[in-house]
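>>> take a look and give me a structure for this.
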Amino acid sequence: MAVSRTDKQWEKWATQNPYYGILGVETADTKDPARLADLFRSGEEHVQQVVGRTSSLFPGWKPEGAALDFGSGAGRLSVALAQRFDRVVGVDVSAGMRSLAVSNSAHMDNLGFVPSVADAVALAGSFDFLNSYIVLQHLRPSQGLPIIDEMLHGLNAGGACALHVIVGDSKRRRGMLNSVRYRVPAVHWAYNLRVGRPWREPITEMNTYSVLDLLRVFRDNSIPDPLFAPFDQSGYVGCMIYARKS
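I've put the predicted structure just below:
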């Protein structure tokens, strides 16, 4: 399996400051059990909201069977999903992140972590729910779209998904800067210093996806009418895509 530039950056985050890479929270602060508990409580709140919205949108669907959590990171959402589904597989390309997630979920026996969607399918066979939140935006569409296709291909008939993507950026100058920063290390280092971060801190790319490309991937997987629920994400147009496979 080829390792992309963004995959390498994610492994750097896992080594240097994993929780900052995930949620913008300094990892040193999570040594306080109360602070770490707050992070996982936020994961529980998000999963409760997403599962509730999915249930209301698709009558007859309910949280059961197997779920896949793409971009599982430290396990913040995976743990909450494992409290609702019979089996959960978290997917994260970073070995460091997976190790952290295993540590955070040692009390759960229905939750495992693997490096790819292919590994998840090999482990569980297929899934009744797909979850991904604030992850696909960090992958370039050339990598992210095939991953979405792979996940949808492994979704059972009648299964549902809640996948988050970015489909636009209202700040044009930011987009122009990012296009250079993502490709020229010296520009990124200067940016880090300007915003008060360590100069060698990894990049967290923010990539936008074409709605037409997303619709094509869903249509190709027997899902002709996904629901796009947009929201403002610091000037980015974030979307939760809710869908159920026919």
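
>>> thought residue 14 was touching residue 100, still the case?
Yes. In this structure, residue 100 is within contact of residue 14 by CB atoms under 8 Å, at 7.1 Å. Every residue, glycine included, has its C-beta placed from N, CA and C.

>>> any idea how far whichever strand or helix holds residue 190 is from the chain center?
Applying DSSP states H and E as the criterion places residue 190 in helix 185-194. Between the centre of helix 185-194 and the centre of its chain there are 25 Å (CA atoms, centre = their mean, to the nearest Å).

>>> shaky segments in the chain?
Scanning the chain for pLDDT under 70 picks out 1-2.

>>> gap between the host helix or strand of residue 165 and the chain center?
Using DSSP H and E, residue 165 maps to strand 155-169. Relative to its parent chain, strand 155-169 has a centroid offset of 11 Å by CA atoms, centre = their mean.

>>> right, and the helix or strand after that strand?
Trace forward from strand 155-169 with DSSP H and E and the next one is helix 172-181.

>>> contacts for that next one, please.
169, 187-188, 191, 203, 205-206, 235 (CB atoms under 8 Å, 6 or more residues apart in numbering).

>>> which residues are in contact with residue 57?
Neighbours of residue 57 in contact, by CB under 8 Å, 6+ apart: 227, 242, 244.

>>> burial measure for the first one, as a count.
In this case it means residue 227. Here the number of neighbours of residue 227 (other CB atoms under 10 Å) works out to 14.

>>> name the nearest residue to it, ignoring sequence neighbours.
residue 242 (4.6 Å; CB to CB, 6 or more residues apart in numbering).

>>> which stretches of this protein form strands?
66-70, 87-91, 111-114, 127-132, 155-169, 227-233, 236-244 (DSSP state E).

>>> quick one: the fifth one to strand 127-132, angle?
In terms of direction (axes from the mean of the first three to the mean of the last three CA atoms, to 10 degrees), strand 155-169 departs from strand 127-132 by 10 degrees.

>>> and strand 155-169, which residues are buried?
Buried positions in strand 155-169, judged by neighbour count with 16 or more other CB atoms under 10 Å: 155, 159-169.
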